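Student: Okay, predicted coordinates and the sequence, questions at the end:
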Amino acid sequence: MLQLLKKYIDEAKEAANLETLESVRLSAMGKSGAITQALKALGKLTPDERKTQGAEINKVKEAFLEAWSARKLALEEQELQKRLFENPVDVSLPPVMTRVGRIHPTSKVIDEVVQIFSQLGFTLEEGPHIETGYNNFTALNIPEHHPARQMHDTFYLPAQDANDETLLRTHTSSVQIRTMQKQKPPIKIIVPGKTFRSDSDQTHTPMFHQIEGLYVDKHVTFQDLKGCLSEFLKAFFELEELPMRFRPSFFPFTEPSAEADIGCKRTAEGVEIGMGLDWLEILGCGMVHPNVLENCGIDSTEYTAYAFGMGVERLAMLKYGTPDLRAFFEGGQRWSQQYGFNPY
Ligand code: DAH
């Protein structure tokens, strides 16, 4: 009988593949396998027989298991090699990146706008969120008690004394002042950043982003402003032709002031930017008021300047069809999966 059982050891050693090996295992060690049965039958033997035969059968069982597991390892390795050979891995391919996080539409638009203006010769400038009343208002030709101050819904910081007025900047225009105070013309800057107003509803959030532009030099004209903004808007919306118009407006820090509109078509799905019968307001701009230049020590008889300012979230909503302003600041995972950009 032992001879009969030992044949399973050879069969395991010679199994051609994992399937055959498994059927050998079942024949030997399965519930009704030969070795299992032989071990079971020991119960019917006399104690002496059981001792000698039991030891023999157990030796065969162990030898079988050893042969079986060695063969299993070898066959698995063979199969892996075969699969690798059939589907070779190209180790020169770039790694598959796990996507951690998304680029927020606000950041994406800031990058794009700064990129376009840097090609038009503007350099990046930034300023602090906490500003003086002087930089945010007074130097920008918005004197105390001027109605424009109230219109800005300003967040004021607790005052240290009567002369101290600090606030969260209500627009990036304050960086115009900071830059003109420390630099001599020509100045050509683009300023992205956070701005704050105590206002919160469907279309307003207490914190939002603006981008400011300023160009100070001899002989800067409104014509230059129009040319620059027209180039920028076409590049930003990726359109060869984009109808534009400048509507007269009012800002205390510019004279004349204008609001720029771009052409659009309103459809059932929303607005489509480009040719169409409608207009969409996109930014405020104008020629910097002589008072503002003088407030910064720049001779307004020698230099002229243009400036413009725009809302980043508005640009993002228009370009990328991102519907809800408030969702920009809620940090929702699903929202950023849908509207964010792949960082790779
Ligand atoms: N600061 C203005 C605002 O927050 C936007 C603006 C308008 C900026 C005209 C400018 C400008 O530089 O020339 O509404």
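Tutor: Great, that's in hand.

Student: what's around the residue in the stretch 151-300 of the chain positioned nearest to the ligand, how many residues?
Tutor: Residue of the stretch 151-300 of the chain nearest the ligand, by CB to the nearest ligand atom: Gly284 (2.8 Å). To be clear about C-beta, it is placed using only N, CA and C from the backbone, and glycine gets the same treatment. When neighbours are defined as other CB atoms under 10 Å, Gly284 has 21 of them.

Student: I'd guess it is in a helix, am I close?
Tutor: No. Under DSSP: H, G, I helix; E, B strand; the rest coil, Gly284 sits outside any helix and is assigned strand.

Student: list the contacts for it?
Tutor: Each residue near Gly284 by CB atoms under 8 Å, 6 or more residues apart in numbering is listed here: 249, 251, 257-260, 308-310.

Student: same thing but at 6 Å, please
Tutor: Applying CB atoms under 6 Å, 6 or more residues apart in numbering to Gly284 gives the contacts 251, 259, 309.

Student: Can you tell me, leaving aside adjacent residues, what's nearest to the second one?
Tutor: Read that as Glu259. Distances taken as CB to CB, 6 or more residues apart in numbering put Ser249 closest to Glu259, at 4.4 Å, once the chain neighbours are dropped.

Student: For that neighbour, which three-state class applies?
Tutor: Under three-state DSSP, Ser249 comes out as strand.

Student: returning to that earlier point: report the beta-bridge partners for the residue of the stretch 151-300 of the chain closest to the ligand.
Tutor: Glu259, Gly309 (DSSP bridges).

Student: which residues does the most centrally placed residue in the chain contact?
Tutor: With distances taken as CA atoms, centre = their mean, Ile103 lies nearest the centre of the chain, 0.8 Å away. Taking CB under 6 Å, 6+ apart, we find Ile103 in contact with 340-341, 343.

Student: List the buried residues in stretch 122-141.
Tutor: Going by neighbour count (16 or more other CB atoms under 10 Å), the buried part of stretch 122-141 is 122, 125, 127, 131-133, 135-141.

Student: right, is that stretch up against the ligand?
Tutor: No. Shown here: stretch 122-141 not in contact with the ligand (CB under 6 Å from any ligand atom), separated by at least 8.1 Å.

Student: Stretch 287-302 too?
Tutor: No. Shown here: stretch 287-302 not in contact with the ligand (CB under 6 Å from any ligand atom), separated by at least 7.3 Å.

Student: Give the buried residues for that stretch.
Tutor: Neighbour counts over stretch 287-302 (16+ other CB under 10 Å) mark 287-293, 295-296, 298, 300 as buried.

Student: Show me where the protein has its strands.
Tutor: Remark: strands assigned in the chain by DSSP state E are 123-124, 130-132, 166-168, 187-196, 207-217, 244-251, 254-267, 270-273, 278-288, 304-311.

Student: Check what contacts the fifth one and list those residues.
Tutor: Read it as strand 207-217. By CB under 6 Å, 6+ apart, strand 207-217 touches 106, 113, 171-173, 176, 185-192, 194-196, 303, 305-313.
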